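In: fold the stuff below for me.
(2 chains)
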Number of protein chains: 2
Amino acid sequence: MLEGYVGKVRELLEKNNIDIGDLIQIKDNETVYEGLLMPRYEIFDPNYITLKLSNGYNIGIKYKPDLVIKLVSKYSKSEVKEEFFETEQYEVKKKINLSFIGTGGTIMSKIDYRTGAVKPSFNVEDLIKLLENYGEEFKINMIELFKIFSEDITIQHWKKLAETIYNEFRTGSQGVIIAHGTDTLGYTSAALSFALQNLPHPVILVGAQRSLDRPSSDAALNLKHSLIFSYKSKYSGVYAILHSTSSDDYSYVHRGTRVRKMHTSARYAFKSINSYSVAKISDNEIIYIDTEGLLERNANRSVELYNNFEEKVFLLKVYPSMNEEIIYFLIERGYKGILIEGTGLGHVPSRIMDAIKYAIDKGLLVAMSSQCLYGRVNMYVYEKGRLLLKMGVIGTEDMFPETALVKMMWCLGNAKDIEDAKELFLKNIAGEISQRTLYKYEL
Amino acid sequence: MLEGYVGKVRELLEKNNIDIGDLIQIKDNETVYEGLLMPRYEIFDPNYITLKLSNGYNIGIKYKPDLVIKLVSKYSKSEVKEEFFETEQYEVKKKINLSFIGTGGTIMSKIDYRTGAVKPSFNVEDLIKLLENYGEEFKINMIELFKIFSEDITIQHWKKLAETIYNEFRTGSQGVIIAHGTDTLGYTSAALSFALQNLPHPVILVGAQRSLDRPSSDAALNLKHSLIFSYKSKYSGVYAILHSTSSDDYSYVHRGTRVRKMHTSARYAFKSINSYSVAKISDNEIIYIDTEGLLERNANRSVELYNNFEEKVFLLKVYPSMNEEIIYFLIERGYKGILIEGTGLGHVPSRIMDAIKYAIDKGLLVAMSSQCLYGRVNMYVYEKGRLLLKMGVIGTEDMFPETALVKMMWCLGNAKDIEDAKELFLKNIAGEISQRTLYKYEL
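Out: All right, here's what the predicted structure looks like:
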């Protein structure tokens, strides 16, 4: 099959009866590499051969006419080792230090590779190749931290990720890119926005709706623009970079606390909610759109890590005829917080209000967001909202429910008590609350 | 105060020391009306006086120079009777028979009227006045069915509403308009779309984000366009008519199963999701946009009522680190269905999959929607989705979660068993499922 290999490289492999997954040796001058042949994607430089070495690292070897290739043994499933943590440290000695962290997801994987496993779809050379015309030299530290679909990302993964990013910056990284499945990318970007503060350089989450092996893939563009923004951005902070319109030229930079997946399958699924995008990026330019409140990039700034999240928090979406028994259940099970997704300006059925009062009396943090997603929660307009406020329910301002949920987990994890958590929740930490309400829908 | 009364009418009232809420008598030729003076809104014809009669009906009396007005007694709170069901049957003998059903909400109310109660903000004459230049004559049967904020609408209200509409059509109505709070308007329009089938004429839900007494109110335009569409529409079916763009000239007609409140406070909060709008309406024209699959209006068609909804259905929105214990709780409490709001194409954390399997084994109906809202659920793309399908989870196709929830309640209420309910759920009943996925975001 030799997926992704074309031209002279493919000829060389075919001549030696080599296929994907085979164990081979490549002699390049005096150095001999032995490893499993990995698939490549046509979107990247066709002049490289990718090997997975026995230590688990992927290496890219540039084609030369005098390379000597030898088949050691044909593919056998047992030789493909699966490791949860795996670090690729093949270094190209160059100037700008970037970190690339893989967590899994469509952007990092090919779906039906014949081993059945999730495989990385590119390596460090491929990434550097994307930047070859930008007049800079790069060193990219590639860390394959997880290999999971993003619906399985948990608080534990957020913590491991935040810690890894923290360490990268403490050891000289000048920009961190995280490849992430799109399903929960917005939750993770919110979590990192709260956990990592005073960042010297940008942290960028990047995903793709279509994998690299599909002709309509958005992966290469999103990757390239993430790399560009990681070293060129004037601002630090946590961002998500993805397609946002049907344009194949531009991807958009969203604030980490304002980005939401708004379509199950379209490539331009990600939107900034209650906020403009920070910038749009083409191969040739970064056009800043709204940079209000962003921290300027500053290599001397020292990153801070606030890495606790409370797991006993429930996201309760209200609906007609819902029963209040669920709230008593949550109290009984020791939940510490309930993030309500109410209707309209922040309303709930009258029927459940006693239970909400009881939850607050029992010491739970209860906050009100809106299932409208767009707009600001305002519980002062109607009598019932004012009653909820009086009970001690707090509004999420213009945070949409998912970001408010993550923030509640983070506040309860880091505050010293419930009053402190409330105060923290109502404070703007990472651009998630703004003073003015945005009426424009940026779609 | 005399809110809403201007010009000669106001002078007449002032001269007689009459204010809102006072009990007065008006002699018009040989007829004497006695009732409480109600407030009016300047947007309507200034030449009417509105009285609430002792039988609870509101009546509009046209100003003439020879009207004789007498104060009977000044306002006292106890005289303003609060009744849950109240019907205004003041009839103007004219040609087109329309029904107008009030349920409460911003469109029907003034927020801080001094009695503290929710008061209707217009009467039949006001509505007919809105249509005076359209060359037709109207008879409007106004039924004030409920006076509640829409977050308190339950299945019981849906049933009462569907039954009332059914009866209106059985007794000759040629179009039904329902004034409804905006918070749960989309849930109710979905419920009516399933409960009322084979409709001869349109059923239109109308709401407003700003009440009539506010200068920026969208109530008058939405009301007027609802009335126009109710008798002019070429199609029957259930619709919602509201502002949809920042234009003050047009409101939009949405399918009852496709409309969602997408902003907490903007006047153009309502959007069609995964569907184009049916039409846009100005004072002068109806421009049809997408009428695919709609039933043509036909007075000879006989409306059918399928009016059962299962209350024991839970809307479960998934999120990172969620605990599966909630699912066991729902099973234990005898829930009949769970509508999951999954991530992306229809995914859930692996952690909760055993509990989902257990729920299905226990006979619950479990369906998967997406918190993206836009796009189609597709569980065939990834291994885990296929596993969910194999367990018996059914996808919601391109229904967004709220419509899918209402449909599940309706299917479980009307089907003879779980298999029948599943089959019904996957069938397009009222335009809620389409074959092609709409990639355009209509925003």
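
In: how about the helices in the stretch 51-200 of chain A?
Out: A:124-130, A:155-170, A:185-195 (DSSP state H, counting those that start in this stretch).

In: rounded mean pLDDT for the shortest one, please.
Out: With pLDDT averaged residue by residue, helix A:124-130 scores 88.

In: one more: the second one?
Out: Mean pLDDT, helix A:155-170: 98.

In: for that helix, which residues meet the burial criterion?
Out: By neighbour count on 16 or more other CB atoms under 10 Å in any protein chain shown, the buried set for helix A:155-170 is A:155, A:157, A:158, A:159, A:160, A:161, A:162, A:165, A:166, A:168, A:169. Bear in mind the C-beta positions are built from the backbone N, C-alpha and C, glycine included.

In: state the distance from the last one to residue A:198.
Out: Spelled out, that is residue A:169. Residue A:169 sits 10 Å away from residue A:198, going by CB to CB, to the nearest Å.

In: contacts only, for residue A:166.
Out: By CB atoms under 8 Å, 6 or more residues apart in numbering or on different chains, the residues touching residue A:166 are A:196, A:303, A:305, A:307.

In: rerun at 6 Å
Out: By CB atoms under 6 Å, 6 or more residues apart in numbering or on different chains, residue A:166 lies in contact with A:303, A:305.

In: which residues does the residue lying closest to residue A:430 once chain neighbours are set aside contact?
Out: Spatially, and ignoring its direct neighbours in sequence, residue A:430 is nearest to residue A:193 (3.9 Å; CB to CB, 6 or more residues apart in numbering or on different chains). Residues in contact with residue A:193, defined by CB under 6 Å, 6+ apart, are A:238, A:256, A:257, A:430.

In: ok, now with 10 Å
Out: By CB atoms under 10 Å, 6 or more residues apart in numbering or on different chains, the contact set of residue A:193 is A:199, A:203, A:237-240, A:255-259, A:403, A:406-407, A:410, A:429-432.

In: host element of residue A:14?
Out: Per DSSP states H and E: residue A:14 is located in helix A:7-15.

In: which secondary structure elements does the next helix or strand along the chain from that helix contact?
Out: Following helix A:7-15 in sequence order, the next helix or strand is strand A:23-28 (DSSP H and E). In terms of contacts (3 or more CB pairs under 10 Å, 6 or more residues apart in numbering or on different chains; DSSP states H and E), strand A:23-28 is packed against strand A:31-37, strand A:48-53, strand A:58-62, strand A:68-73.

In: mind doing that once more with 8 Å?
Out: With contacts defined as 3 or more CB pairs under 8 Å, 6 or more residues apart in numbering or on different chains; DSSP states H and E, strand A:23-28 has these neighbours: strand A:31-37, strand A:48-53, strand A:68-73.

In: hmm, back to that, pull up the overlap in contacts between residue A:169 and residue A:198.
Out: Counting by CB under 8 Å, 6+ apart, the residues touching both residue A:169 and residue A:198 are residue A:303.

In: near chain B, which residues of the stretch 51-200 of chain A?
Out: Proximity of the stretch 51-200 of chain A to chain B (CB under 8 Å from any CB of the partner chain) is limited to residues A:111, A:149-156, A:158, A:181-184, A:187-188.

In: how about the residues of the stretch 201-350 of chain A by chain B?
Out: So far as CB under 8 Å from any CB goes, the stretch 201-350 of chain A lies against chain B at A:261-266, A:269, A:309, A:311, A:314-315, A:317-323, A:325-326, A:329, A:333, A:341-350.

In: residue A:327 sits in which helix or strand?
Out: Counting by DSSP H and E, residue A:327 is part of helix A:325-332.

In: that should have said residue A:423, apologies.
Out: Residue A:423 belongs to helix A:418-426 when elements are defined using DSSP H and E.
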